[in-house]
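Engineer: could you look at this predicted model? Sequence included:
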Amino acid sequence: MQAVFRFNHVNWALADQAMVSGVNFLTSVLVARFLGIEEFGLFSLIWVAVLFFSSFQMSIIVSPMMSIAPKQDDKNLSFYYGSVFAQQLIFSVLSVVSIVVGVEFGRYFFPEWNIGELLLPLVVVTFFFQLQDFLRRLFFVQGRQVAAFVNDAISYLMQLILLIYINTLGLLNTELVLWVIAITSLIAVFIGFIVCDKINISYDMFIDTAKRHWNVSKWLTGSALLQWLSGNLFIVVAASLLGVVAIGALKAAQSIMGITHILFQGLENIVPITASHYLHESGKRSMAGYLGKVTIWGGGATLVLALLVSAFPGHLLMVVFGDEYQDYGYVLRWYALIYLIAFIALPLRMGLRSMEKTYPLFIAYALMAFFSILSAKWLVQAFGLHGVLIGLLMTGVIFFATLSFFIKRIYNNYIEN
């Protein structure tokens with residue numbers, strides 16, 4: 001397991017996330033620029049459903065795996081990974097069932113969105129997108145950063161090439177975008193299983209792993225639901241009150257700041273594993289020192305980017321997405337501040353996960369969701385898009401303040417015990 005923590009794994013993690021985030025950004029540009037702001041808003045709204053289940057996958061499967069796997073004995077690893085994979089399959093099937101139910105409800109309550117015809121590609125993309133994401137995380141946990149990079153390259157670069165080709169034929173639409181993502185994820189999953197290390201499944205190990213994962217994820221699972229409500233409730237309310245054009249503007253600005261996902265998600269693949277290693281091998285002070293360095297360097301990089309995109313936001317949106325986005329420069333300035341606050345809270349969240357103390361995350365997300373439920377409709381009705389952005393900013397502030405309140409006490413208790 002020592003190889004997992006050599007510093008060159010950071011370069012592979014960031015390179016991998018740069019590729020993934022880059023393809024996601026270019027996919028957004030293709031849809032937004034060539035299908036228009038309304039179709040881009042519809043695609044973004046549908047993709048929220050995929051990300052909804054991915055957030056639960058992260059909480060129930062991936063986050064516990066990243067914190068617990070580095071603490072396993074080598075002789076148990078193959079059985080542990082087999083147990084986690086079985087959990088992933090069960091979760092993916094349940095996600096598909098939930099998607100079907102959700103689309104049927106959407107048909108009834110929002111018939112103007114015409115999402116019924118997208119049910120099949122949405123189901124397929126949800127299933128294989130999750131499996132591909134699980135494999136990439138598994139490779140990172142196993143210290144196989146090159147394998148993770150290659151698997152993502154198969155999925156994401158192939159996706160980009162196909163989308164560009166389809167666009168040159170003049171056939172690009174939301175349904176085909178979903179099918180391309182689904183098919184390339186399927187190919188990556190098939191190849192990933194061929195090169196994956198051997199895994200074993202034991203019923204007893206499955207039960208033990210499920211119980212330990214639940215001890216970590218029981219707060220994270222509730223947190224995932226509350227987190228989705230706290231952020232996406234504003235998006236859903238905006239869609240119902242302002243229309244999908246508003247969603248297109250929001251997602252275009254968010255895509256620009258999505259460049260930071262290279263850093264955010266790259267660290268997500270590395271920091272929990274490394275922090276758990278420091279905690280297990282060297283103690284809590286080493287872990288705290290490591291997380292402090294992450295905060296300084298990552299926060300500085302995020303601040304520089306936020307200042308750059310805030311200089312000429314309308315022009316930047318016009319150049320990237322087209323003329324119809326130019327008037328939404330103020331949205332990009334809001335997102336620059338929102339993302340800066342989001343990063344500052346990131347090391348706090350990862351430190352709590354490494355200590356397997358996740359209830360403060362639940363409390364933070366509960367406060368965010370409570371605020372969102374109370375204020376979303378009023379803010380959007382009163383201030384339009386500005387109200388959406390005020391709400392997103394306030395949820396970020398609530399999250400950071402709550403974790404800051406809890407983490408010092410938890411850390412001190414951890415030292416005493």
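Structural biologist: Okay, I see it.
Engineer: buried residues of the host helix or strand of L163, list them for me.
Structural biologist: According to DSSP states H and E, L163 maps onto helix 158-168. Within helix 158-168, the residues that qualify as buried are M158, Q159, L160, L162, L163, I166, N167, counting by 16 or more other CB atoms under 10 Å. C-beta here means a position set from N, CA and C on the backbone, and glycine is covered the same way.
Engineer: next SSE downstream of that helix?
Structural biologist: Immediately after helix 158-168, counting by DSSP H and E, sits helix 174-195.
Engineer: does anything pack onto that following helix? Which helices or strands?
Structural biologist: helix 8-57, helix 119-141, helix 145-152, helix 158-168 (3 or more CB pairs under 8 Å, 6 or more residues apart in numbering; DSSP states H and E).
Engineer: beyond it, next helix or strand please.
Structural biologist: Counting by DSSP H and E, what follows helix 174-195 is helix 203-242.
Engineer: and the helix or strand just after that following helix, how far out from the chain's middle?
Structural biologist: Note on helix 203-242: by DSSP H and E, the next helix or strand toward the C-terminus is helix 244-257. Here the centre of helix 244-257 is set off from its chain's centre by 17 Å, with CA atoms, centre = their mean, to the nearest Å.
Engineer: helices or strands up against helix 244-257?
Structural biologist: Using 3+ CB pairs under 8 Å, 6+ apart, helix 244-257 sits against helix 8-57, helix 203-242, helix 284-311, helix 313-321, helix 329-354, helix 385-416.
Engineer: what sits up against it?
Structural biologist: Residues outside helix 244-257 that contact it (CB atoms under 8 Å, 6 or more residues apart in numbering) are 24-25, 28-29, 32, 36-42, 44-45, 113, 235, 238-239, 305-306, 309, 313, 316-317, 320-321, 325, 328, 331-332, 334-336, 338-339, 384-385, 388.
Engineer: what about A275, is that helix, strand or coil?
Structural biologist: At A275 the chain is in helix, as set by DSSP: H, G, I helix; E, B strand; the rest coil.
Engineer: ok, and the closest non-adjacent residue to it?
Structural biologist: Spatial nearest neighbour of A275, excluding adjacent residues (CB to CB, 6 or more residues apart in numbering): S354 at 4.0 Å.
Engineer: contacts only, for the one you found.
Structural biologist: S67, P272, A275, S276, L279, M287.
Engineer: just the element for the second one, please.
Structural biologist: The reference is to P272. helix 261-282.
Engineer: poorly predicted segments of the protein, please.
Structural biologist: Counting by pLDDT under 70, the chain shows low-confidence ranges at 1-11, 106-116, 266, 269, 280, 282-283, 356, 410-417.
Engineer: could you rerun that using 50?
Structural biologist: Applying pLDDT under 50 to the chain flags the ranges 1-7.
Engineer: what's the angle from whichever strand or helix holds A382 to helix 385-416?
Structural biologist: A382 is part of helix 359-383 when elements are defined by DSSP H and E. Here helix 359-383 points in a direction 170 degrees away from that of helix 385-416 (axes from the mean of the first three to the mean of the last three CA atoms, to 10 degrees).
Engineer: and helix 359-383, how far out from the chain middle?
Structural biologist: 19 Å.
Engineer: ditto for stretch 210-221
Structural biologist: 19 Å.
Engineer: what's the most buried one of the helices and strands packed on helix 244-257?
Structural biologist: With neighbours taken as mean count of other CB atoms under 10 Å, the helices and strands packed on helix 244-257 reach their highest mean count in helix 329-354, at a mean of 22.
Engineer: where's N24 relative to N167, distance?
Structural biologist: Separation of N24 from N167 (CB to CB, to the nearest Å) stands at 16 Å.
Engineer: if we can go back for a sec, out of the buried residues of helix 158-168, the closest to F362 would be?
Structural biologist: Each of the buried residues of helix 158-168 was scored against F362 by CB to CB, and Q159 proved nearest at 34.4 Å.
Engineer: which residue is the nearest non-sequential neighbour of that closest one?
Structural biologist: T184 (4.3 Å).
Engineer: list the contacts of the one you found.
Structural biologist: I154, S155, Y156, M158, Q159, L162.
Engineer: kindly report the same for M205.
Structural biologist: N76, F79, Y80, G82, S83.
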